[in-house]
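Enquirer: quick one: sequence and predicted model below, then my questions.
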Amino acid sequence: MTSEPEPMSAAERRALKRERADVRAERDADAATLQDTTEVGDRADQADELLRSDEVDRLDERLDDIDVRLRAASDAGPPRTDAVGVGSTVTVRYADGSAATLQVGAGAAVLDRTLVTADSPLGRALLGSRPGDRVSYDAPDGEATVTVVSLGD
């Protein structure tokens, strides 16, 4: 991946915003359980308080990561429409004739069954391809081939 901001599809943006809302709710619920006092019960209580505090910190970091990704995607502009790139929506046809519409994303943070990361075998194979191109990639069962059917939302 480059250090340049990567564009993001509308579907990936929606998924990240949903994840941000979910993480925010979890963070707020965890933060509400933290004690406001410096004196917290026995050592077990103190350990539990420390674990919850660490979890709030981890969730804060994830929120920051999501916000940075959303801002960077806005700065990068829209996804490419001439060839598959990060942020593209691409429809592919598999060798068995089935088809799927996929999002090519920069990272796997968004848990979406239609998201293919740009650094995965299929994602790497798709980058730069155009409708009509056949690309091969390493699949768990061996080499597989897909045909790019269309590009765009």
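Expert: Structure received.
Enquirer: check which element follows the helix or strand bottoming out on mean pLDDT in the chain along the chain.
Expert: Least confident helix or strand of the chain, by mean pLDDT, DSSP states H and E, is strand 115-117 with a mean of 83. Sequence-wise, the next helix or strand downstream of strand 115-117 (DSSP states H and E) is helix 121-126.
Enquirer: what's the mean pLDDT across the longest helix that the chain contains?
Expert: Using DSSP state H, we find that the single longest helix of the chain is helix 43-76. Rounded to a whole number, the mean pLDDT of helix 43-76 is 85.
Enquirer: list the buried residues of it.
Expert: For helix 43-76, the neighbour count (16 or more other Cβ atoms under 10 Å) marks 49, 55-56, 59, 62, 66, 69, 73, 76 as buried. All C-beta spots, glycine's among them, are computed from the backbone N, C-alpha and C.
Enquirer: make CSV out of those and add distance to M8.
Expert: Listed next are the buried residues of helix 43-76 as CSV, based on distance: Cβ to Cβ, whole Å:
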residue, distance to M8
E49, 38
E55, 27
V56, 27
L59, 22
R62, 17
I66, 11
R69, 8
A73, 4
A76, 8
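Enquirer: ok, so of those residues, who is nearest L115?
Expert: R69 (13.0 Å; Cβ to Cβ).
Enquirer: ok so, going back, quick one: list the elements packing against the least confident helix or strand of the chain.
Expert: strand 99-105, helix 121-126 (3 or more Cβ pairs under 8 Å, 6 or more residues apart in numbering; DSSP states H and E).
Enquirer: pick out the shakiest of those, pLDDT-wise.
Expert: strand 99-105 (a mean of 88).
Enquirer: what are the pairing partners of that one, and which direction each?
Expert: Here strand 99-105 is paired, per DSSP bridges, with strand 89-94 (antiparallel), strand 115-117 (parallel).
Enquirer: outside of the first one, which residues touch it?
Expert: For strand 89-94, the external contacting residues (Cβ atoms under 8 Å, 6 or more residues apart in numbering) are 9, 11, 79, 84, 99-104, 126, 129, 144, 146-153.
Enquirer: now, of these, which are buried?
Expert: 9, 11, 79, 84, 102-104, 126, 129, 144, 146-148, 151.
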